[in-house]
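J.: following is a predicted model, sequence given first.
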Amino acid sequence: MSRIIQFATTGGPEVLEFKDIEVPLPGPGEVRIRVKALGLNRAESMWRAGGYMEEVKLPGRLGYEAAGLVDAIGPDVTRFAVGDAVNTVPAFSQNQYGMYGELVLAPVSAVVKHPPSLSFEEAASIWMMFITVYGALIEAADLRAGDVVLITAASSSVGLAAIQLANMVGAIPIALTRTAAKRQQLLDAGAAAVVVTDEQDLIAEVMRITDGAGARVVFDAVGGPIFGKLLKAMKTSGILLVHGALSEEPAQIPYLDLLIKLPTIIGFEIKTWNTMGDPVRQKAAVEFITAGLASSALKPMIAKTFTLDEIVNAHRYLEANNQFGKIVVTV
């Protein structure tokens, strides 16, 4: 028997509940993992609340990122053996698999070797954020040395990953944050400059920092009223990548600016974009990230750690939006 976490109805963190189940032996193409740590993601809280892009089939499981040890393998699995340290990457639907639990099944297509230099807690924090950023900035935007990239929600795990990856390829990351409270932390994390959007004129600041050129790439997790300002802060024919919708207000798009700026606007989500659905592209992403970790260009950034018993509080902390980095749950 193993404890897993599920929810019988969508709603706030309080709908999460523990259940003891017998986890079956893995079938073809599956691995069973004894979980040591979990990474929490905004997609999971949206899933739990019923606000994700895919409709939840209740009772629902959840969780994309786990780090642990292989407990059993399916009859056709050859890449892994019992006892191997492994991690999972977001390459499945939460209607099919959920990593929140002590013992879980995972599709072998979403299992990667554990980076030997990292703890289980660190490894549980890296894959969603770095694969999202790799797919958006490297695959979709072809981010290059010298490019200026604007990063909204910069103190989130994905925002911090974007800062690191931009520096890794020689680009210039400008971090956007609502208040000045995290300005120094963002500079210490590698941001070339920080714009405090509640206190400064976003467009004027970006133009000042870039000597009037604007940013070639925008990596936006917010939307809402800031969206039109991001367009104005771009270069002509730049790329605006939308990967989240933290603002509950409608995005404001000035149509004339579309004709002036001629932007390419891309909605980016790693599973639908197919970074994780294509084995060749997934391999390239994992190798890129592994190389970045080995060189220390990419580093885990854990904001706070909870225990599995504290999963409800962990989700509440996630939704308070006060973290600087990734929230991790130990099992």
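T.: Received, thanks.
J.: render the CA-only coordinates of the longest helix anywhere in the chain in CSV, please.
T.: If you go by DSSP state H, the chain has its longest helix at helix 279-294. Provided in CSV are the C-alpha atoms of helix 279-294 (Å, rounded to 0.1, in the frame of the first residue of the first chain):
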residue,chain,number,x,y,z
PRO,A,279,11.7,11.9,-28.5
VAL,A,280,14.4,13.7,-30.6
ARG,A,281,13.4,17.1,-29.3
GLN,A,282,13.1,15.8,-25.7
LYS,A,283,16.5,14.3,-25.9
ALA,A,284,18.0,17.6,-27.2
ALA,A,285,16.3,19.5,-24.3
VAL,A,286,17.5,17.1,-21.7
GLU,A,287,21.1,17.1,-23.1
PHE,A,288,21.1,20.9,-23.2
ILE,A,289,19.9,21.2,-19.6
THR,A,290,22.3,18.5,-18.4
ALA,A,291,25.2,20.3,-20.0
GLY,A,292,24.1,23.5,-18.4
LEU,A,293,23.9,21.9,-15.0
ALA,A,294,27.3,20.3,-15.4
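J.: how about that helix: buried residues?
T.: Arg281, Gln282, Ala285, Val286, Phe288, Ile289, Thr290, Gly292, Leu293 (16 or more other Cβ atoms under 10 Å). In short, each C-beta sits where N, CA and C put it, glycine included.
J.: can you list contacts of it?
T.: 89, 91, 109, 112, 115, 117-118, 126-127, 130-131, 134-135, 138-139, 164-165, 168, 274-276, 298-299 (Cβ atoms under 8 Å, 6 or more residues apart in numbering).
J.: give the buried subset of the residues you listed as a PyMOL selection command.
T.: Applying 16+ other Cβ under 10 Å to the contacts of helix 279-294, the buried members can be selected in PyMOL as follows:
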select buried, resi 89+91+109+112+115+118+126+127+130+131+134+135+138+139+164+165+168+275+276+298+299
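J.: can I get the buried residues of helix 279-294 in a markdown table including pLDDT?
T.: Listed next are those as a markdown table, based on pLDDT from 0 to 100:
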| residue | pLDDT |
| --- | --- |
| Arg281 | 88 |
| Gln282 | 88 |
| Ala285 | 93 |
| Val286 | 93 |
| Phe288 | 96 |
| Ile289 | 96 |
| Thr290 | 95 |
| Gly292 | 96 |
| Leu293 | 96 |
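J.: nearest to Ala245, of those?
T.: Among the buried residues of helix 279-294, Ala285 lies closest to Ala245 (Cβ to Cβ), at 23.4 Å.
J.: in stretch 37-50, what's buried?
T.: Within stretch 37-50, the residues scored as buried using 16+ other Cβ under 10 Å are 37-49.
J.: quick one: residues contacting the closest residue to Ala245 other than its chain neighbours.
T.: Once flanking residues are discounted, Ala245 sits nearest to Gly223: 4.8 Å by Cβ to Cβ, 6 or more residues apart in numbering. Gly223 sits next to Val242, Gly244, Ala245, Leu246, Ser247, Glu249, Ala251 when contact means Cβ under 8 Å, 6+ apart.
J.: next: Lys235.
T.: Here Lys235 is in contact with Ala213, Gly214, Ala215, Arg216, Lys261 (criterion: Cβ under 8 Å, 6+ apart).
J.: the fourth one looks like it's in a strand, true?
T.: Pointing back at Arg216 there. Yes - per DSSP: H, G, I helix; E, B strand; the rest coil, Arg216 lies within a strand segment.
J.: please renumber the chain so that the first residue is 8 from this point on.
T.: Happy to do that; since the first residue is 8 now, the last one works out to Arg223.
J.: ok so, going back, export the contacts of Gly230 to a markdown table and tack on secondary structure, pLDDT and neighbour count?
T.: Listed next are these as a markdown table, based on DSSP: H, G, I helix; E, B strand; the rest coil; pLDDT from 0 to 100; neighbours: other Cβ atoms under 10 Å:
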| residue | secondary structure | pLDDT | neighbour count |
| --- | --- | --- | --- |
| Val249 | strand | 93 | 21 |
| Gly251 | coil | 83 | 21 |
| Ala252 | coil | 79 | 17 |
| Leu253 | coil | 81 | 15 |
| Ser254 | coil | 82 | 17 |
| Glu256 | coil | 84 | 12 |
| Ala258 | coil | 84 | 16 |
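J.: and those, which is closest to Val84?
T.: Nearest to Val84 among the contacts of Gly230: Gly251, at 34.0 Å, using Cβ to Cβ.
J.: hang on, the closest one packs against Asp227?
T.: Yes - if you go by Cβ atoms under 8 Å, Gly251 and Asp227 touch, sitting 7.3 Å apart.
J.: and for Phe226, the neighbour number?
T.: As a burial measure, Phe226 scores 34 neighbours (other Cβ atoms under 10 Å).
J.: I meant to write Val30 there.
T.: Neighbours of Val30 under the rule other Cβ under 10 Å: 17.
J.: which ones are touching it?
T.: Contact analysis of Val30 by Cβ under 8 Å, 6+ apart lists Ser9, Ile11, Arg39, Gly108, Leu110, Val111, Leu112.
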